[in-house]
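# How does the following fold in three dimensions:
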Amino acid sequence: DVSLEARIKIIVEYLSHNKRIFNKDCRKLLNLGDGQSYKILKMLSNKGIIKQIKEKEITYYTLPWFFIF
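Here you go, the predicted structure:
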């Protein structure tokens with residue numbers, strides 16, 4: 001079982017190398033179900049750690065501009 005802090009670190013690390021993460025990427029990366037993946041991404045978005053982007057019918061998440069190196 002992976003802790004929430006470890007999952008957050010994995011997602012932020014992924015985003016530091018890739019511009020965006022989709023729910024399906026998070027599911028594969030963390031080996032989670034759709035609901036768990038959505039909850040983690042939404043929680044990180046609500047805390048301001050990542051930013052949710054909705055374009056037409058596609059939703060993805062990125063790092064806020066101040067996290068980009």
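# alpha carbons only for contacts and neighbour counts from here, please
Will do.
# mind listing the helices in this protein by residue range?
4-17, 23-30, 34-46 (DSSP state H).
# Tabulate the ones you listed (JSON lines), appending distance to residue 54, mean neighbour count and mean pLDDT.
As requested, those are arranged in JSON lines below (distance: least, C-alpha to C-alpha, whole Å; neighbours: other C-alpha atoms under 10 Å; pLDDT from 0 to 100):
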{"stretch": "helix 4-17", "distance to residue 54": "17", "mean neighbour count": "14", "mean pLDDT": "93"}
{"stretch": "helix 23-30", "distance to residue 54": "12", "mean neighbour count": "16", "mean pLDDT": "96"}
{"stretch": "helix 34-46", "distance to residue 54": "12", "mean neighbour count": "16", "mean pLDDT": "94"}
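# Of the ones you listed, which is nearest residue 63?
Closest to residue 63 of these is helix 4-17 (C-alpha to C-alpha; 6.5 Å).
# and that closest one with helix 34-46, angle?
Using axes from the mean of the first three to the mean of the last three C-alpha atoms, to 10 degrees, one finds that helix 4-17 and helix 34-46 are set 70 degrees apart in direction.
# angle of helix 4-17 against helix 23-30?
120 degrees.
# Off-centre distance for helix 4-17?
Centroid separation for helix 4-17 versus its chain: 8 Å, with C-alpha atoms, centre = their mean, to the nearest Å.
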